[in-house]
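Visitor: From the sequence below, what's the structure:
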Amino acid sequence: MSGPGGREREVSWRKQKALQIHAALTSDPVNMQALRGAAVSEGGLLSQEIRRKAWPKLLNVNVFCLPPKPGPGIRYHHRDYNQVQMDVRRSLRRFPAGMRDTERSALQEQLADMILYALHSHPELHYYQGYHDIAVTLLLTAGVRLGTAMLCTLSMHHLRDFMDPTMDSTKHALNYLMPLIQCESAQLCDFLLRSEVGSIFALSWLITWYGHVLSNYQRVLRLYDFFLASHPLMPVYFAAQMVLSRERDVLRCDCDMPSVHQLLSHIPPDLPYEDLIARAQRLFHQHPPSELAWQAALQPRKSISISSFQSLQLSASQQRPDSVLRRQAQAEPPAVLPPARNPLLKLAVWGLSASLGAAALAVTQTALEWGPEVLLRLF
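Guide: This is a model prediction of the structure:
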């Protein structure tokens with residue numbers, strides 16, 4: 001939209017959508033269908049303030065029942081400690097430009113604590129390179145405590161297949177890519193198969209939810225809105241649409257693996273992301289995973305991410321709005337602390353601090369307010 005009239009319509013549209021999201025969040029129970037629809041539709045969830053309220057609902061995370069702030073105590077005892085530290089040190093470009101070194105260092109410490117807390121809490125999970133790209137997006141959006149809670153839930157659902165001890169489940173997810181392209185363009189699919197490029201070019205797209213390959217942070221957030229509200233395989237559908245959108249360029253290049261891989265690995269800065277999201281959504285409805293697995297004769301494999309998705313959606317649909325959860329939290333009797341000599345005292349204090357921290361977060365947000373930026377500094 002251009003000109004004064006266009007800007008006014010843009011502001012009016014954003015206000016209307018923000019009110020619709022607010023109505024979904026304050027409905028009792030939360031109107032998850034409307035909230036998911038807002039996250040998927042044009043513009044996504046609009047702002048960081050709204051995301052801090054909506055993302056936990058999309059993941060069925062209760063902001064009044066957060067884990068304690070991750071501490072350094074578990075760092076040195078986890079099998080993935082060294083790899084996590086190396087990846088976190090390499091994450092400099094994921095932080096806002098111009099951030100002071102001291103702030104960035106503090107956030108990197110929190111990022112490592114988040115990751116190691118999630119892994120320590122769920123020993124069956126195995127760290128993979130790229131996991132930190134997802135964790136840092138949650139940290140920058142929601143702070144360390146809420147980000148940790150969302151990371152734990154996400155790891156047990158959407159990301160679960162990537163966190164097996166082998167890459168078999170990840171490769172199985174990538175196997176959907178060529179059949180999806182085949183559904184839309186047999187010519188392009190045939191070209192890709194003859195080039196023997198495979199699907200490895202899309203690996204980093206999938207396992208980082210594009211956080212590692214996109215330099216525009218707002219686009220990363222827009223995709224996270226989309227993926228958090230969608231089926232675990234939606235990043236593959238989006239990858240298919242990214243490749244399809246470049247069909248002409250692909251068909252013009254040499255039909256060999258190095259040429260095609262180099263072309264597809266480089267993502268142009270001007271892709272029409274809203275259009276690609278809409279197309280990926282439409283492709284999912286036209287060719288759901290169950291249909292593709294049959295048509296493409298994909299090797300049957302039990303996917304924890306897919307099998308647990310329906311239960312996550314069901315539990316999320318029963319959520320109460322934050323205003324109700326806040327009253328429930330305030331009505332709970334105060335915890336009785338054990339005597340100081342009891343070795344469980346420290347654990348109990350951590351738990352109490354977690355409850356108070358979550359309550360403080362929610363109390364500072366009225367039913368008509370999206371949390372102010374300063375809240376990020378509280379966690």
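Visitor: The closest residue to residue 180 other than its chain neighbours in helix, strand or coil?
Guide: Nearest residue to residue 180, sequence neighbours excluded (Cβ to Cβ, 6 or more residues apart in numbering): residue 240, at 3.8 Å. Where you see a C-beta, it was placed from the backbone N, CA and C, and this is true even at glycine. Reducing the assignment at residue 240 to three states with DSSP: H, G, I helix; E, B strand; the rest coil gives helix.
Visitor: who are the neighbours in contact with the residue nearest the centre of the chain?
Guide: The residue at the geometric middle of the chain, judged as the C-alpha nearest the mean C-alpha position with Cα atoms, centre = their mean, is residue 224 (4.7 Å). With contacts taken as Cβ atoms under 8 Å, 6 or more residues apart in numbering, residue 224 has the following neighbours: 55, 137, 141, 209, 211.
Visitor: Give the closest residue to the last one in space, chain neighbours not counted.
Guide: What sits nearest to residue 211 in space, not counting adjacent residues and going by Cβ to Cβ, 6+ apart, is residue 133, at 3.9 Å.
Visitor: In three-state terms, label the one you found for me.
Guide: Each residue gets one of three states, and residue 133 gets helix by three-state DSSP.
Visitor: can you tell me how far it sits from residue 167?
Guide: Taking Cβ to Cβ, to the nearest Å as the measure, residue 133 and residue 167 are separated by 17 Å.
Visitor: pretty sure residue 326 contacts residue 64?
Guide: Yes. With contacts defined as Cβ atoms under 8 Å, residue 326 counts as touching residue 64 at a distance of 6.7 Å.
Visitor: For the residue nearest to residue 253 when sequence neighbours are not counted, grab the count of nearby residues.
Guide: Among residues not flanking residue 253 along the chain, residue 259 sits closest, at 4.8 Å (Cβ to Cβ, 6+ apart). Residue 259 has 14 neighbours, counted by other Cβ atoms under 10 Å.
Visitor: how does the chain divide into domains?
Guide: Following automatic domain parsing, the chain resolves into domains at 3-47, 72-156+320-378, 168-303.
Visitor: closest one to residue 311 among those domains?
Guide: domain 72-156+320-378 (10.7 Å; Cβ to Cβ).
Visitor: Give the burial count for the residue nearest to residue 211, as a bare number.
Guide: Taking other Cβ under 10 Å as the neighbour definition, residue 133 ends up with a count of 21.
Visitor: Local confidence estimate at it?
Guide: With respect to pLDDT, residue 133 scores 94.
Visitor: residues in contact with it?
Guide: Remark: with contacts taken as Cβ under 8 Å, 6+ apart, residue 133 is in contact with 91, 94, 208, 209, 211, 212.
Visitor: Give me the pLDDT for the fifth one.
Guide: Predicted confidence (pLDDT) for residue 211: 93.
Visitor: and residue 147, how many neighbours?
Guide: Neighbour count for residue 147, taken as other Cβ under 10 Å: 26.
Visitor: what's the closest non-adjacent residue to it?
Guide: Sequence neighbours aside, residue 138 is the residue nearest to residue 147 in space, at 3.9 Å (criterion: Cβ to Cβ, 6+ apart).
Visitor: right, and the pair among the contacts of residue 224 with maximum separation?
Guide: By the measure Cβ to Cβ, 55 and 211 form the most distant pair in these, at 14.4 Å.
Visitor: wait, what's in contact with residue 220?
Guide: By Cβ under 8 Å, 6+ apart, residue 220 lies in contact with 137, 209, 210, 211, 214.
Visitor: now do residue 88
Guide: Residues near residue 88 by Cβ under 8 Å, 6+ apart: 108, 111, 112, 115, 132.
Visitor: so residue 111 sits right up against residue 131, yeah?
Guide: No. Using Cβ under 8 Å, residue 111 makes no contact with residue 131, being 10.6 Å away.
Visitor: which regions of the stretch 201-350 of the chain lie under the pLDDT threshold?
Guide: By pLDDT under 70, the weakly predicted segments of the stretch 201-350 of the chain are 294-301, 332-350.
Visitor: which residues sit against the longest helix seen in the chain?
Guide: In the chain, assigned by DSSP state H, the helix with the most residues is helix 3-26. Residues outside helix 3-26 that contact it (Cβ under 8 Å, 6+ apart): 1, 30-32, 34-35, 38, 43, 45-47, 50, 53-54, 57, 321-323, 367-368.
Visitor: change it to 6 Å
Guide: 1, 31, 34, 35, 38, 46, 50, 53, 321, 367 (Cβ atoms under 6 Å, 6 or more residues apart in numbering).
Visitor: in the helix or strand encompassing the fourth one, what's buried?
Guide: By that I understand residue 35. In this structure, residue 35 is located in helix 32-40 according to DSSP states H and E. Burial within helix 32-40, assessed by neighbour count using 16 or more other Cβ atoms under 10 Å, is assigned to 32, 35, 36, 38, 39, 40.
Visitor: Output the contacts of residue 224 in CSV, with secondary structure and distance to residue 247 appended to each entry.
Guide: CSV is the format used below for the contacts of residue 224 (DSSP: H, G, I helix; E, B strand; the rest coil; distance: Cβ to Cβ, whole Å):
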residue, secondary structure, distance to residue 247
55, helix, 34
137, helix, 30
141, helix, 34
209, coil, 24
211, coil, 25
